[in-house]
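Novice: Could you look at this predicted model? Sequence included:
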Amino acid sequence: MPANTNISTNYTQEKMQNSEKRTRISVSKTPNTNFWQKDINLKDKSTMHLKATVKDFFSIKDDRDLIAFYDIYNNDANGLKGRKIFALGEGSNTVFVNPVIDAVILKMDLCGYNIIRSNEDNVWVCCKSGVLFRDFVWEMCENNYSGLENLSGIYGTVGAAPVQNIGAYGMEVKDTIDSVRYFDMNDGKFHTISNKDCNFGYRNSIFKYQDGSKIISDVTFKLNKHFSLNTSYSAVAKLFEGVDKTNITPTIVCEKIKQLRNSKLPDPNVLGNCGSFFKNPVISIEHYEKLHKIYSDIVAFDDKEGKKIGAGWLIEKCGFKGKKIGGISMYDKQSLVLVNHGAKSSKELIDYAQEVIQTVKLRFDITLVAEPHFLS
Ligand code: EPU
């Protein structure tokens, strides 16, 4: 019996009508015949769509595959031991920096979710890491479970969501994560850690800067059965201005936010990108005040460590919005998004990003930090 048949899903055919991609949320019962593949083309395994290949590529479909991988990796005869391991989801936050990637890639295709607990107010849902996050959000909203609706339409998988604590439109995924289960390559065992032990921060967690040995297999979310509209982000408040709030459901919010995202962010299937390419930097109040004297329109938000500056604004001020060099530009509708129009190599992208960082540093004395993971 496949190990993941205990992950039941209440997913039905009718619900799949909106997107054929949602079939990924259901559990596949077919045997994993492509477990270990050699010399795989990675161009369409990341939403940036840069050319690259990898020597060793494993398709992980259930917990047993992780245990099997552990044995293969540690067998000296296989020539894998000591190489970096990288768990790849949808590749929406990953940039392949070399034409040939040396890391051993584990493509996380574990699917399905299960309601593990419920009371009057909350429901605990355990979801396998390979499910597309946007499908999971949609499905939870359709069930009238709230807490994720403002995060609709975000690319990437459920397993990738805690890594950088994805956030948008006034919500961060950390606020609904109850626990994370991962397979540890150091001891070949599964472990579960609580939200608190994930050390979540802005686009950060203990999983972000680790050596690849902790491979997320499941995420348990604690969702709310009673919906309340989150309009803390001004653009969201605007969406619902003058609207009768009594009939609003999580699904309505999910749909509206998706439209808002789509109006600003490019579709990676049309124009390669990884969403925001840089984090919004946090600077001291003194630094902010100095800048504010010169630039009265500077975009800044209060932060517990000072002021969070709109990186999109900084980049736009430096003239990079829509500025194309070779096959790369910052997107002309949102300058925080770096887009690939058909770069010949990842070098074009790295050079462009360096130029943005240097120009912003020179003009504002602020060092931008890239958000995606650069895999070599
Ligand atoms: N802005 C500009 N020029 C631009 C882009 C933005 O001046 O080209 C200004 C806007 O006018 C606005 C402010 O910057 O006042 C913020 O813009 P926006 O609401 O678009 O959000 P962001 O800070 O640029 C962040 C997240 C996005 C998320 C949005 C909405 C980060 C790094 N990015 O972007 O997340 O969707 O807020 O909540 O925090 C992602 O991480 O991939 C991502 C898309």
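Specialist: On my side now, so go ahead. If you're wondering where the values come from, they're calculated on a predicted model, not measured in any experiment.
Novice: When you work out contacts or count neighbours from here on, use the C-alpha atoms and nothing else.
Specialist: Noted.
Novice: Just the CA coordinates for the biggest strand by length in the chain, please, in PDB.
Specialist: Secondary structure of the chain read by DSSP state E shows that its longest strand is strand 214-224. Output of strand 214-224 as PDB, limited to C-alpha atoms (Å, rounded to 0.1, in the frame of the first residue of the first chain):
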ATOM      1  CA  LYS A 214      15.800  19.500   6.300                       C
ATOM      2  CA  ILE A 215      13.200  18.600   3.600                       C
ATOM      3  CA  ILE A 216       9.700  19.800   4.300                       C
ATOM      4  CA  SER A 217       7.100  17.000   3.800                       C
ATOM      5  CA  ASP A 218       3.900  18.400   5.400                       C
ATOM      6  CA  VAL A 219       2.600  21.700   6.700                       C
ATOM      7  CA  THR A 220      -0.300  21.800   9.200                       C
ATOM      8  CA  PHE A 221      -2.400  24.900   9.100                       C
ATOM      9  CA  LYS A 222      -4.800  26.100  11.800                       C
ATOM     10  CA  LEU A 223      -7.600  27.900  10.000                       C
ATOM     11  CA  ASN A 224     -10.600  29.800  11.200                       C
END
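Novice: Please enumerate the helices of this structure.
Specialist: 63-73, 133-142, 234-239, 250-264, 285-294, 311-317, 346-364 (DSSP state H).
Novice: now for these, which one comes closest to the ligand?
Specialist: helix 311-317 (3.5 Å; C-alpha to the nearest ligand atom).
Novice: and the closest one, what other elements does it pack with?
Specialist: In terms of contacts (3 or more C-alpha pairs under 8 Å, 6 or more residues apart in numbering; DSSP states H and E), helix 311-317 is packed against helix 346-364.
Novice: The helix it packs on close to the ligand?
Specialist: No: Helix 346-364 is not in contact with the ligand by C-alpha under 6 Å from any ligand atom; minimum separation 13.3 Å.
Novice: Report the angle between that helix and helix 285-294.
Specialist: Orientation of helix 346-364 against helix 285-294 (axes from the mean of the first three to the mean of the last three C-alpha atoms, to 10 degrees) gives an angle of 80 degrees.
Novice: what does helix 346-364 contact?
Specialist: Residues outside helix 346-364 that contact it (C-alpha atoms under 8 Å, 6 or more residues apart in numbering): 50-51, 96-99, 291, 314-315, 318, 320, 325-329, 340, 343, 366-368.
Novice: buried sites along that helix?
Specialist: Across helix 346-364, burial judged by 16 or more other C-alpha atoms under 10 Å covers 346, 348, 349, 352, 353, 356, 357, 359, 360.
Novice: try stretch 109-125
Specialist: So, applying 16+ other C-alpha under 10 Å, buried residues of stretch 109-125: 109, 110, 111, 112, 113, 114, 115, 122, 123, 124, 125.
Novice: related to what we said a few turns ago, got the helices of the chain as CSV, with mean pLDDT columns?
Specialist: Output for these, formatted as CSV (pLDDT from 0 to 100):
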stretch, mean pLDDT
helix 63-73, 97
helix 133-142, 97
helix 234-239, 95
helix 250-264, 96
helix 285-294, 98
helix 311-317, 98
helix 346-364, 97
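Novice: Excluding residues flanking it in the chain, which one is nearest residue 144?
Specialist: residue 250 (6.1 Å; C-alpha to C-alpha, 6 or more residues apart in numbering).
Novice: That neighbour and residue 139 touch, don't they?
Specialist: No: here residue 250 does not reach residue 139: they are 10.3 Å apart, not a contact under C-alpha atoms under 8 Å.
Novice: what about those two, which has more around it?
Specialist: Set side by side, residue 250 and residue 139 give different neighbour counts by other C-alpha atoms under 10 Å, the larger being at residue 250 (25 against 19).
Novice: interface residues of this protein facing the ligand?
Specialist: Residues of the chain lying near the ligand (C-alpha under 6 Å from any ligand atom): 168-169, 275-276, 278-280, 299, 310, 312-313, 316, 334-336.
Novice: Which ones among these map onto strands?
Specialist: Per DSSP E, the subset of these in strands is 168, 275, 276.
Novice: List the contacts of the first one.
Specialist: Which is residue 168. Contacts of residue 168 by C-alpha under 8 Å, 6+ apart are 150, 151.
Novice: low-confidence ranges in the stretch 1-150 of the chain?
Specialist: The model of the stretch 1-150 of the chain has pLDDT under 70 over residues 1-29, 31.
Novice: Quick check, the residue in it closest to the ligand?
Specialist: residue 93 (7.8 Å).
Novice: I'd like to know how many residues surround the closest residue to residue 282 other than its chain neighbours.
Specialist: Excluding its sequence neighbours, the residue lying closest to residue 282 (C-alpha to C-alpha, 6+ apart) is residue 308, at 4.2 Å. Residue 308 has 20 neighbours, counted by other C-alpha under 10 Å.
Novice: next one: residue 284
Specialist: 12.
Novice: re the thing from before, could you double-check that the residue of the stretch 1-150 of the chain closest to the ligand sits in contact with residue 278?
Specialist: No: Residue 93 is beyond contact range of residue 278, at 11.1 Å (criterion: C-alpha under 8 Å).
Novice: Nothing else from me, thank you.
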